[in-house]
Structures are given as C-alpha cells and as structure tokens.
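Visitor: need coordinates for the below:
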Amino acid sequence: MYLSASLSYDGVTFERLVHALSDEQKEQFQRPRRVWRLILANVNQALDGADASGLARRRASTLEATRLRSLQAMTTSQKLRPSSTTSRSAWLKDTRSSCS
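Guide: Numbers count the residues shown, from 1 in each chain. From the prediction side, this is the model:
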C-alpha cells in the first residue's frame, strides 16, 4: 500500500526580517569567498591545462555546488543570528513580565 501526504500552507503567513550586515559580517563572508575563488581558479587551470575527462569535469561541478551551498549556509546564518537573538530577548521579556 502506498500512502501519500500533502502539506498545505493555507492560512500560513510569514514576515521577512531584513538585517543589514555589519562590516564585520561582510568581511566574514568575503574571506571564504576569496578562498573559494582561489580554489576554483586553480582547479579550472588544472583542468584547462590537462586533457580533462568527463569525470574530472563532473567533480569540478560538484566542487562548485559545494561552494554555493557553503556560501548560502553562511548567508543564512548571518540572517538568522540577530533575529533569533532579538526574538529570544523579546520572549524572555514577555515571559518575565507575565510571571510578575
């Protein structure tokens, strides 16, 4: 027997919080970006200089996908850190005031 479930988002609302990155956060993003750029430049140079097989090109593609995932994870973590701290602080304040 096969059962399938569907997920409905009817009635669900969300609000996007915008957080302007500080200079420190921008630099935290730029450092790994520069490292990845160097790694990929060296890989591409090696592939261009050699008779790269299909397997080597696929591995380079996998490396590029890994790069994109790591930068996306970093971007997401920078978006979440301030908002989760703010939300937690607000929650603690509400909790303490309701317990008084």
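Visitor: can you pull out the helices in this protein?
Guide: 23-49, 54-99 (DSSP state H).
Visitor: what about the protein, any weak spots by pLDDT?
Guide: Applying pLDDT under 70 to the chain flags the ranges 1-4, 49-52, 79-92, 94-100.
Visitor: quick check, central residue of it?
Guide: In the chain, the C-alpha nearest the mean C-alpha coordinate belongs to Ala73, at 2.0 Å (C-alpha atoms, centre = their mean).
Visitor: please report the distance of it from Gly11.
Guide: 30 Å (C-beta to C-beta, to the nearest Å). Just so you know, the C-beta spots here come from the backbone N, C-alpha and C atoms, and that holds for glycine as well.
Visitor: now Leu21
Guide: 33 Å.
Visitor: quick one, which of the two is more surrounded?
Guide: Leu21 (14 against 5; other C-beta atoms under 10 Å).
Visitor: excluding chain neighbours, what is closest to that one?
Guide: Gln78 (6.3 Å; C-beta to C-beta, 6 or more residues apart in numbering).
Visitor: okay, stretch 10-20 in PDB with CA atoms only?
Guide: What follows is stretch 10-20, C-alpha atoms only, in PDB (Å, rounded to 0.1, in the frame of the first residue of the first chain):
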ATOM      1  CA  ASP A  10      -3.300  27.600   3.700                       C
ATOM      2  CA  GLY A  11      -3.600  30.300   6.300                       C
ATOM      3  CA  VAL A  12       0.200  30.400   7.000                       C
ATOM      4  CA  THR A  13       1.700  33.800   7.000                       C
ATOM      5  CA  PHE A  14       5.300  34.900   7.400                       C
ATOM      6  CA  GLU A  15       7.300  38.000   7.700                       C
ATOM      7  CA  ARG A  16      10.700  38.500   6.300                       C
ATOM      8  CA  LEU A  17      13.100  40.200   8.600                       C
ATOM      9  CA  VAL A  18      15.700  42.400   6.900                       C
ATOM     10  CA  HIS A  19      19.100  42.700   8.600                       C
ATOM     11  CA  ALA A  20      21.700  45.000   7.300                       C
END
